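show me the folded form of this:
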Amino acid sequence: PSRVLEAKASAVSFGNPGRTDIQVGQRVFHSKFGYGAVAEVEGNKLEIDFEHSGRKRVLDSFVSLA
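This next block holds a predicted model:
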């Protein structure tokens with residue numbers, strides 16, 4: 001029987017390498033989730049701890065610097 005390997009990291013869009021102006025710990029704003037702090041950066045994907053909605057994973061293009 002063949003083994004199934006699971007990916008440990010999610011896919012990253014190679015067409016968009018990610019913004020260079022966003023760092024872990026930085027405060028950002030999202031139009032739906034509000035203000036939050038960046039917890040993790042993975043290419044163009046961010047994990048953000050939002051003040052009222054908890055931790056969410058969003059693309060960097062959907063947030064602005066606060």
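
poorly predicted segments of this structure, please.
Within the chain, the segments meeting pLDDT under 70 span 1, 4-15.

all strands for it, in order.
All strands of the chain, identified by DSSP state E, fall at 27-30, 34-42, 45-50, 54-59, 63-65.

now render the ones you listed as JSON lines, adding distance to residue 20 and mean neighbour count.
To be clear about C-beta, it is placed using only N, CA and C from the backbone, and glycine gets the same treatment. Output for the strands of the chain, formatted as JSON lines (distance: least, CB to CB, whole Å; neighbours: other CB atoms under 10 Å):
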{"stretch": "strand 27-30", "distance to residue 20": "14", "mean neighbour count": "16"}
{"stretch": "strand 34-42", "distance to residue 20": "10", "mean neighbour count": "16"}
{"stretch": "strand 45-50", "distance to residue 20": "13", "mean neighbour count": "20"}
{"stretch": "strand 54-59", "distance to residue 20": "15", "mean neighbour count": "13"}
{"stretch": "strand 63-65", "distance to residue 20": "12", "mean neighbour count": "14"}
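
out of those, nearest to residue 21?
Smallest distance to residue 21 across the strands of the chain (CB to CB): 6.8 Å, for strand 63-65.

could I get the strands of the chain as a markdown table with distance to residue 2?
Formatted as a markdown table, the strands of the chain follow (distance: least, CB to CB, whole Å):
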| stretch | distance to residue 2 |
| --- | --- |
| strand 27-30 | 41 |
| strand 34-42 | 28 |
| strand 45-50 | 30 |
| strand 54-59 | 30 |
| strand 63-65 | 40 |
